[in-house]
Each structure stands twice: as C-alpha cells, then as structure tokens.
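> Build the 3D model from these lines:
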Amino acid sequence: QVQLQESGPGLVKPSQTLSLTCSVSGGSIATDDYYWSWIRQPPEKGLEWIGYIDRSGSTYYSPSLKSRTSISRDTSKNQFTLHLLSVTPEDTAVYYCARRINGAGDDYWGQGTQVTVSS
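Model prediction:
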C-alpha cells in the first residue's frame, strides 16, 4: 500500500519561500515509473496542478507557476520537496502530494496540508 504524507509550515509570511516535503512509503521515488506530483486547492476554488518529479529526477512545472517553483528529492529518505518562492496571499491553499500515472491521473494522495500566507 502506497502512502504519502505532506509536512511543512502551516503559516508563511509574504515574500518568503514555502517548502513542503512529501514522505513516501510503500513505493520508491527513485525506481517506480510514476510522476511524483504537487497539487493545491485554494479556498473555494478547484484543484491546481503545480508540478512533478519523476524517477530520473526530471521535473515539469505548470507554466503559470514555473518561474517560482522547484521540486527536489532525497532518494535516501524517499522524499520529494516543493519550493515555492516569493509567496503571496494568493498562494494560500491546501497542498497535496500525489502519485501520478502517465495518462491515467493521480491514484494515491496525501491527506493534504493547509498553508496560509499572511503577515
């Protein structure tokens, strides 16, 4: 059974960098052929895909967030991390990590973590 768990700060000040880590169990981010993704849902809005990292370490980001986003990984810990730069209150959302199957959607999700951007 694959499990994903997000961790990170619940409150970030404007202009700072948001960093969230996803810990994966029951699967390997270094060998399993999936896209390890970040997705968010702002209040009263739909889901927004942020980006992913694959087993080779290659990344792909949403064009609307690409200039402020990076995703890194630590294969020794089986974790991948989202970094979102220069946050504003518009980045307030529930952030999820998920496992994406190419062409078939996200089959395993973390429970989500609330992040609020406020001074």
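> contacts and neighbour counts: CA atoms only from here.
Noted.
> Quick check: pLDDT value at Gly105.
Gly105 is assigned a pLDDT of 88 by the prediction.
> nope, Tyr96 is what I meant
Listed pLDDT for Tyr96 reads 98.
> Pull up the gap between the one residue sitting closest to the centre of the chain and Gln79, please.
The centroid of the chain falls nearest to Trp38 when counting by Cα atoms, centre = their mean (2.7 Å). With distances taken as Cα to Cα, to the nearest Å, Trp38 is found 12 Å from Gln79.
> Can you work out which residues contact both of those two?
Residues touching both Trp38 and Gln79 by Cα atoms under 8 Å, 6 or more residues apart in numbering: none at all.
> now the farthest one out in this structure, which residue is it?
For the chain, the residue at maximal distance from the C-alpha centroid (Cα atoms, centre = their mean) is Ser119, at 22.9 Å.
> What ranges in the protein fall below the confidence cut-off?
For the chain, no stretch has pLDDT under 70.
> hang on, the earlier thing: check what contacts the helix or strand hosting the residue nearest to the centre of the chain and list those residues.
Here Trp38, judged by DSSP states H and E, is contained in strand 35-41. Identification of contacts with strand 35-41 by Cα under 8 Å, 6+ apart yields 29, 47-55, 80, 82, 93-102.
> hang on, the earlier thing: can you give me the distance of the residue farthest from the centre of the chain to Trp109?
Using Cα to Cα, one obtains 30 Å as the distance from Ser119 to Trp109.
> ok, now Arg99?
On the measure of Cα to Cα, Arg99 and Trp109 end up 7 Å apart.
> Looking at those two, which is more packed in?
Arg99 (25 against 19; other Cα atoms under 10 Å).
> how many other residues sit next to the closest residue to that one other than its chain neighbours?
Once flanking residues are discounted, Arg99 sits nearest to Trp36: 4.9 Å by Cα to Cα, 6 or more residues apart in numbering. Taking other Cα under 10 Å as the criterion, the count of residues near Trp36 is 28.
> Good, we can wrap up now.
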